[in-house]
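K.L.:
sharing a model that was predicted from the sequence below.
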Amino acid sequence: MDVKNMEVVEAVVLHDETSPASTPAQKIRIEGLLNISRKETKVSLYSANADGTQKTDKAFATATVCYEDAQTWHEEWQMNSHLVAARAAALWKGTAGEDPLNDGVVSKLSRSAVYQLFANVVDYGARYRGMQRVALAENTLEAAADILLDIDRHGTWHTPPHWIDSTFQLAGFVMNSFGVQGDGKSAGSSRDFFYITPGWRHFRLAESLESGPDIKYRNYVRMFPVEGEIGAFAGDIYLLRGEKVVGICAGIKFKRVPRALMPIMFPRRQGREAAGKCHDHGLPPMDTASSTSRVHLQAIPAPILGGLSNSKPPVAVSKPQQQGRTESVQMVQVAPQPVGCTRQGPAEGGKKKDPRVDSCLQLIADETGLDLDELSDNAAFAELGVDSLLSITLSEKIRVELGIQVKASIFLECTTVRDLVDWMEKHAL
């Protein structure tokens, strides 16, 4: 099965209750629409009530599963297998000073060091800590890892999620360990940014994963800047058994988010589990589903392999059952609904307009690089470059710099510049 075009548009944060027994288990609803003639199934995942009914009509994640011939994949990957294996081996030689080209620029990290670094963004439970050591060339965003899967399947699975996660965490680690080195335009220390992913193009395993002390895997990835998208990176994760590629997550994408937004997007869970486990691919923590308040941002991605997760302020997509109250966090690729503010004359009815309205418009113009004249009453911010990630930044600046208590979703609730000004005059000023 090729799980392709995975898109996670909403991740869900799980919050523990003081008395978990009083709350129902977390539910998600998965629907598949099979097209036999095309040999594919369209899959949609929804937040669900205890009786299995959907909480909303909007899926929090979608993908297409295509049924293909694994032998064809092996033939397709055969030529790359030797190149990938050789490059991974070269990185390991670089850590030992045996490769002049990589000597001094590749770091060797132990399992404990890897997951301690990862904990800056996502805290993994023991069963998800499959990477035993990593060779990392941070200047080129390139890495190889040796992997040993947990012997226990921890449930009845076709392929246990903690095995999938362990074999494809490497891209998230590369992006979130030290950040990105560079010219400052695309670079950013992990102290200032974290990276999350909304999905990938293809995820294919040509053979079943196996666990045990004698079953060893190695993976390799190199991440590259995405042309035309500042702060976005993508790459292909290769999974090797011996020198044979047995799986690929192609086109997994990550995009940077200012670390200051982490507590807004992913509030820390309360209770003794708060420091707990998580599994994903370098995204802030999340689990399955319900929704109270929503925070919208432009997807970065996700580690998870689109993945699953459960824990503290790192990232992911959804995890096997847990109990508790939840809060959904939007991670949309598409820009939010048009939104806006107004800047003309006094408010209707002769009421004098609060000067903070003009300050708000000026702040928006400064952040977007627009002229004030472009913020006309009917202007839609979606058409002016205000995507969902920028809307979070703007709402935070409006709160901090202007003292106006707006929600992070304000740019989704107001659809025009006029709507936003009307809201401010009615609620905030």
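P.N.:
Sure, I can see it.

K.L.:
where does the protein dip in pLDDT?
P.N.:
Residues of the chain that meet the criterion pLDDT under 70 lie in 11-24, 99-104, 181-188, 264-353, 385, 387-389, 428-429.

K.L.:
please parse it into its domains.
P.N.:
Structural domains assigned to the chain are 1-334, 348-428, following automatic domain parsing.

K.L.:
for the stretch 101-250 of the chain, what spans make up the helices?
P.N.:
Under the criterion DSSP state H, counting those that start in this stretch, the stretch 101-250 of the chain contains helices at 111-118, 161-167, 170-177.

K.L.:
for the helix ranked longest in the chain, buried residues please.
P.N.:
Using DSSP state H to define each element, the chain has its longest helix at helix 70-95. Within helix 70-95, the residues scored as buried using 16 or more other Cβ atoms under 10 Å are 73, 77, 81, 84-85, 88-95. Backbone N, C-alpha and C define where each C-beta goes, glycine included.

K.L.:
coming back round to it: out of the domains of the chain, which one sits most buried?
P.N.:
Across those, the average number of neighbours (mean count of other Cβ atoms under 10 Å) peaks for domain 1-334, which reaches a mean of 20.

K.L.:
distance from it to the middle of the chain?
P.N.:
Distance of domain 1-334 from its chain centroid, counting by Cα atoms, centre = their mean, to the nearest Å, is 8 Å.

K.L.:
got it, and stretch 399-406?
P.N.:
With Cα atoms, centre = their mean as the basis, stretch 399-406 stands 27 Å off its chain's centre.

K.L.:
helices or strands up against the lengthiest strand in the chain?
P.N.:
Taking DSSP state E as the criterion, the chain has its longest strand at strand 244-258. Here strand 244-258 touches helix 70-95, helix 170-177, strand 193-205, strand 232-241, helix 388-402, going by 3 or more Cβ pairs under 8 Å, 6 or more residues apart in numbering; DSSP states H and E.

K.L.:
give me that answer again for 7 Å
P.N.:
helix 70-95, helix 170-177, strand 193-205, strand 232-241 (3 or more Cβ pairs under 7 Å, 6 or more residues apart in numbering; DSSP states H and E).

K.L.:
would you list the strands that that strand pairs with, along with their directions?
P.N.:
strand 193-205 (antiparallel), strand 232-241 (antiparallel) (DSSP bridges).

K.L.:
quick one: the longest one to helix 170-177, angle?
P.N.:
Spelled out, that is strand 193-205. Using axes from the mean of the first three to the mean of the last three Cα atoms, to 10 degrees, the direction of strand 193-205 lies 170 degrees away from that of helix 170-177.

K.L.:
tell me what angle strand 193-205 forms with helix 70-95.
P.N.:
Angle, strand 193-205 to helix 70-95, by the same axes, to 10 degrees: 140 degrees.

K.L.:
same question, the shortest one
P.N.:
Interaxial angle, strand 232-241 versus helix 70-95 (the same axes, to 10 degrees): 100 degrees.

K.L.:
can you redo the helices and strands packed on strand 244-258 as CSV with distance to Asp354?
P.N.:
Formatted as CSV, the helices and strands packed on strand 244-258 follow (distance: least, Cβ to Cβ, whole Å):
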stretch, distance to Asp354
helix 70-95, 59
helix 170-177, 42
strand 193-205, 34
strand 232-241, 38
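
K.L.:
tell me how far the closest residue in space to Tyr115 that isn't next to it in sequence lies from Val245.
P.N.:
With sequence-adjacent residues excluded and distances taken as Cβ to Cβ, 6 or more residues apart in numbering, Tyr115 is closest to Arg129, at 5.3 Å. To Val245, Arg129 is 23 Å away according to Cβ to Cβ, to the nearest Å.

K.L.:
same question, Ile392
P.N.:
38 Å.

K.L.:
cool, and Glu98?
P.N.:
Where Val245 is concerned, Glu98 sits at a distance of 24 Å (Cβ to Cβ).

K.L.:
do the same with Arg204
P.N.:
Distance, Arg204 to Val245, using Cβ to Cβ: 10 Å.

K.L.:
what's the answer for Gly97, then?
P.N.:
28 Å.

K.L.:
check Asn378 too.
P.N.:
Remark: distance between Asn378 and Val245 (Cβ to Cβ) = 53 Å.

K.L.:
what's the answer for Asn80, then?
P.N.:
For Asn80, the distance to Val245 - Cβ to Cβ - is 6 Å.

K.L.:
same thing with Leu261?
P.N.:
With distances taken as Cβ to Cβ, Leu261 is found 37 Å from Val245.

K.L.:
equivalent analysis for Leu402, please.
P.N.:
Taking Cβ to Cβ, one finds Leu402 at 54 Å from Val245.

K.L.:
before we move on, the earlier item: which of the buried residues of helix 70-95 sits closest to Thr140?
P.N.:
The closest of the buried residues of helix 70-95 to Thr140 turns out to be Leu91 (Cβ to Cβ; 9.9 Å).
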